[in-house]
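Novice: the sequence isn't on hand, but the structure is:
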């Protein structure tokens, strides 16, 4: 119903307050200019927040595309060294190394994980010799090395916990000896952080850090990663008896508390964006350096949308990573790391 002339004058004379506006509180004032937005920004992404996961394979001077992860490749050791040199120039603090193991070298017990000249160890030594200033993070789990694709020893359809932990300790020692700076157990066996810490300390590797996959969920977002390490077709069954149920949040607190008590230096949540609430909870509860892994499925969806022209690539990548920072993450493992680092460098 149109306002009468007298009513219209009354509203106008009364001012904005009559129309439900607050004359004192105007949040838009802090958004009015670029400098103001930058000045009050709560969460900022820098190159220091980035960890770049790379995949290594046998051979020399070659790269292999991973179709389900457009733009990501498996690298031979010499190519991994080149990637590390590029990362150092871009000031990316650390790389996380994952192997694609020749199927002929895989067996039910994952024995290749204990070979001190396996792909991971070769890569560690080569990068440390060429780029000693960059941090190297290694995955401790058996899935790249087992013929059945599980993270632990499999017996009659059941994953053996304690027997697996014994092997994981030996795997961690092999990696530490080869030059790993951070051991990152992703297996989700009970008690593995404490056992690895004790093993490292007893062997004299007291300065090697442990970044625990404290909350690793049994997620559908890992599919492209399993393509990358070659376990997608070999995995028998699923990993729900040791990875966490996606419906659980309090369980993540309990898992992280155990890892903290066992000597973890840093905590990780995996996957990332679907579990930002878990990142927030762990950071609030423990105050330890907390990281999130923007996993392969997250990467593939975003990169696929970028390549189809459906989204603004730079903006959506940055926004997704800032979300981790806003949730409390101190850093992010992301396949976008070199792209983001290059953009940040260009911005000065």
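Specialist: Looks like it arrived, so ask away. As the structure is a computational prediction, the values presented were derived from the model and not from experiment.
Novice: what about the nearest residue to residue 40 once chain neighbours are set aside, neighbour count?
Specialist: Nearest residue to residue 40 in three dimensions, chain neighbours excluded: residue 30, at 5.0 Å (CB to CB, 6 or more residues apart in numbering). Placement of C-beta: from N, CA and C, glycine included. Neighbour count of residue 30, defined by other CB atoms under 10 Å: 12.
Novice: in a strand, residue 30, correct?
Specialist: No. Using DSSP: H, G, I helix; E, B strand; the rest coil, the assignment for residue 30 is helix, not a strand.
Novice: mind checking pLDDT for it?
Specialist: Residue 30 is assigned a predicted lDDT (pLDDT) of 92.
Novice: let's have the chain start at 6 instead
Specialist: Yep, numbering from 6; the last one is residue 35 now.
Novice: that one contacts residue 46, doesn't it?
Specialist: No. Look at residue 35 against residue 46 with CB atoms under 8 Å: they stay out of range, at 9.9 Å.
Novice: follow-up on the earlier one: mind checking how far the residue nearest to residue 45 is from residue 43?
Specialist: Using CB to CB, to the nearest Å, we find residue 35 at a distance of 11 Å from residue 43.
Novice: for residue 209, same thing?
Specialist: When residue 209 is compared with residue 43 (using CB to CB), they lie 47 Å apart.
Novice: and residue 121, which of the three is it?
Specialist: The assignment at residue 121 comes out as coil when based on three-state DSSP.
Novice: what's around it, how many residues?
Specialist: 13.
Novice: who touches it in this structure?
Specialist: 179, 182, 183 (CB atoms under 8 Å, 6 or more residues apart in numbering).
Novice: if you set the cut-off to 10 Å instead, what comes out?
Specialist: Listed by CB atoms under 10 Å, 6 or more residues apart in numbering, the contact set of residue 121 reads 127, 130, 178, 179, 180, 182, 183.
Novice: against residue 204, how distant is it?
Specialist: Taking CB to CB, one finds residue 121 at 15 Å from residue 204.
Novice: nearest residue to residue 279 in space, ignoring adjacent ones along the chain?
Specialist: Closest to residue 279 by CB to CB, 6+ apart is residue 226, at 7.0 Å.
Novice: surely residue 41 is in a helix?
Specialist: Yes. With three-state DSSP as the criterion, residue 41 is part of a helix.
Novice: and the closest residue to residue 150 other than its chain neighbours, backbone torsions?
Specialist: Nearest residue to residue 150, sequence neighbours excluded (CB to CB, 6+ apart): residue 115, at 3.6 Å. Main-chain torsions, residue 115, degrees, to the nearest 10: phi 70, psi 40.
Novice: can you tell me how far residue 115 sits from residue 276?
Specialist: Distance, residue 115 to residue 276, using CB to CB: 24 Å.
Novice: and residue 168, by the same measure?
Specialist: For residue 168, the distance to residue 276 equals 28 Å [CB to CB].
Novice: compare those two (neighbour count), which wins?
Specialist: residue 276 (22 against 13).
Novice: contacting residues around the more buried one?
Specialist: 220-222, 224-227, 251, 283, 297-303.
Novice: at 6 Å what do you get?
Specialist: By CB atoms under 6 Å, 6 or more residues apart in numbering, the contact set of residue 276 is 224, 226, 300.
Novice: distance check, it against residue 161.
Specialist: 30 Å.
Novice: I would like the residues contacting stretch 56-73, please.
Specialist: Taking CB under 6 Å, 6+ apart as the rule, stretch 56-73 contacts 77-81, 83-85, 88, 92, 97, 99-101, 103-105, 107, 124, 128, 229, 232-233, 305, 336, 338, 342.
Novice: out of the residues you listed, which sit inside helices?
Specialist: 83, 84, 85, 88, 92, 124, 128, 229, 232, 233, 305, 342 (DSSP state H).
Novice: name only those of those that count as buried.
Specialist: Buried members of the ones in helices among the contacts of stretch 56-73, scored by 16 or more other CB atoms under 10 Å, are 84, 85, 88, 92, 124, 128, 229, 232, 233, 305, 342.
Novice: pLDDT value on the residue nearest to residue 211 when sequence neighbours are not counted, please?
Specialist: In space, and not counting its chain neighbours, residue 211 is closest to residue 205: 7.0 Å by CB to CB, 6+ apart. Residue 205 carries a pLDDT value of 98.
Novice: now the helices for the protein?
Specialist: 10-19, 39-45, 82-94, 124-135, 166-183, 197-207, 228-234, 255-266, 281-291, 301-312, 318-332, 342-352.
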